[in-house]
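Student: Okay, sequence plus prediction incoming.
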Amino acid sequence: MIAVVQARMGSSRLPGKVLRDLGGLPVLGWVVRALEQCRLVDETVVATSVHPGDDEIERYAAEVGISCVRGSEEDVLARFCLALDEHPCDALVRITADCPLLDPSLVDQVVAAWRADPSWDYVATTLVRTLPRGQDVELVSAVALHHLNEVARGGHREHVTSLLYTEPEGRRLLGLSIAPDASDLRVTLDTDADWAALSALVAGLGNRVLGWQEIVAFLRANPEVVAINRAVQQRALDVG
């Protein structure tokens with residue numbers, strides 16, 4: 001099982017965000033560190049683009065000793081297929097590099113659910129969102145990913161897995177959820193307000209791998225931190 005982390009420097013709303021220093025470690029470093037603590041992930045691969053601006057990401061991956069594949073800047077699905085070609089496995093976990101507070105236990109739960117029944121095409125914590133945005137974990141089988149590569153067009157190639165859940169007929173999808181619902185919280189990094197909120201959270205809890213329960217408890221106890229990025233609107237899924 002591999003985890004593929006999609007990362008690029010050219011974010012439209014917050015350029016260079018994945019290598020920003022968060023509490024003494026680059027944002028991408030937070031993600032890599034969390035994946036290293038997963039019991040059911042064998043290898044982490046960074047998937048970035050061939051754009052010269054992403055040379056820094058390849059250099060960072062080399063520094064921390066993980067593999068890096070490079071492909072189309074816009075066709076993210078092709079990058080994932082490249083990662084699968086170079087690191088063959090039966091399924092892969094998709095992670096985005098702008099989610100530094102990834103919880104290894106959630107990754108392991110998703111992988112364990114798929115291993116219990118590998119006929120699932122897709123297992124995710126996002127089909128019914130109950131976790132804070134930014135603690136997303138998706139798993140897609142190799143068979144399903146190759147099929148997506150054959151049929152996906154337009155925005156579905158940028159969003160990698162979106163065709164699976166927007167056109168679910170004939171596909172086997174499994175959603176994992178938690179209670180109580182914490183989907184109103186936001187710990188992803190897309191704007192300056194998100195950066196301020198994450199910085200406040202890390203200042204309060206420290207530079208370490210955090211479980212989702214601890215993050216939710218901190219945010220419930222500190223509504224002023226939640227308020228920092230409450231107004232941020234998640235960009236709509238454009239697959240047209």
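Tutor: Right, received. Where do you want to start?
Student: only C-alpha atoms for contact and neighbour calcs from this point on.
Tutor: OK.
Student: For stretch 89-109, which residues meet the burial criterion?
Tutor: By neighbour count with 16 or more other Cα atoms under 10 Å, stretch 89-109 contains the buried residues 91-109.
Student: now do stretch 36-51
Tutor: Neighbour count says stretch 36-51 has 38, 40-41, 43-49 buried, by 16+ other Cα under 10 Å.
Student: Could you do stretch 194-206 as well?
Tutor: By neighbour count with 16+ other Cα under 10 Å, stretch 194-206 contains the buried residues 194-195, 197-202.
Student: So residue 185 versus residue 136, what's the distance?
Tutor: Separation of residue 185 from residue 136 (Cα to Cα, to the nearest Å) stands at 12 Å.
Student: Of those two, which one has the most company?
Tutor: residue 136 (23 against 20; other Cα atoms under 10 Å).
Student: contacting residues for residue 37?
Tutor: Shown in contact with residue 37 (Cα atoms under 8 Å, 6 or more residues apart in numbering): residue 104.
Student: quick revisit: out of the buried residues of stretch 36-51, which one sits closest to residue 208?
Tutor: Using Cα to Cα, residue 38 comes nearest to residue 208 of these, at 14.3 Å.
Student: Extract the residue ranges of this structure that are flagged as low pLDDT.
Tutor: Within the chain, the segments meeting pLDDT under 70 span 235-240.
Student: So which bits of whichever helix or strand residue 225 is part of are buried?
Tutor: Counting by DSSP states H and E, the element that carries residue 225 is helix 223-228. For helix 223-228, a neighbour-count test (16+ other Cα under 10 Å) marks 225-226, 228 as buried.
Student: Looking at those residues, which one is closest to residue 115?
Tutor: Using Cα to Cα, residue 226 is the member of those that lies nearest residue 115, at 35.5 Å.
Student: Could you check which helix or strand contains the residue nearest to that closest one when sequence neighbours are not counted?
Tutor: Excluding its sequence neighbours, the residue lying closest to residue 226 (Cα to Cα, 6 or more residues apart in numbering) is residue 219, at 6.1 Å. Residue 219 is part of helix 212-221, with elements assigned from DSSP H and E.
Student: could you redo the buried residues of stretch 194-206 as JSON lines and give each row distance to residue 7?
Tutor: Compiled in JSON lines, the buried residues of stretch 194-206 are given as follows (distance: Cα to Cα, whole Å):
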{"residue": "194", "distance to residue 7": "17"}
{"residue": "195", "distance to residue 7": "17"}
{"residue": "197", "distance to residue 7": "21"}
{"residue": "198", "distance to residue 7": "18"}
{"residue": "199", "distance to residue 7": "20"}
{"residue": "200", "distance to residue 7": "23"}
{"residue": "201", "distance to residue 7": "23"}
{"residue": "202", "distance to residue 7": "21"}
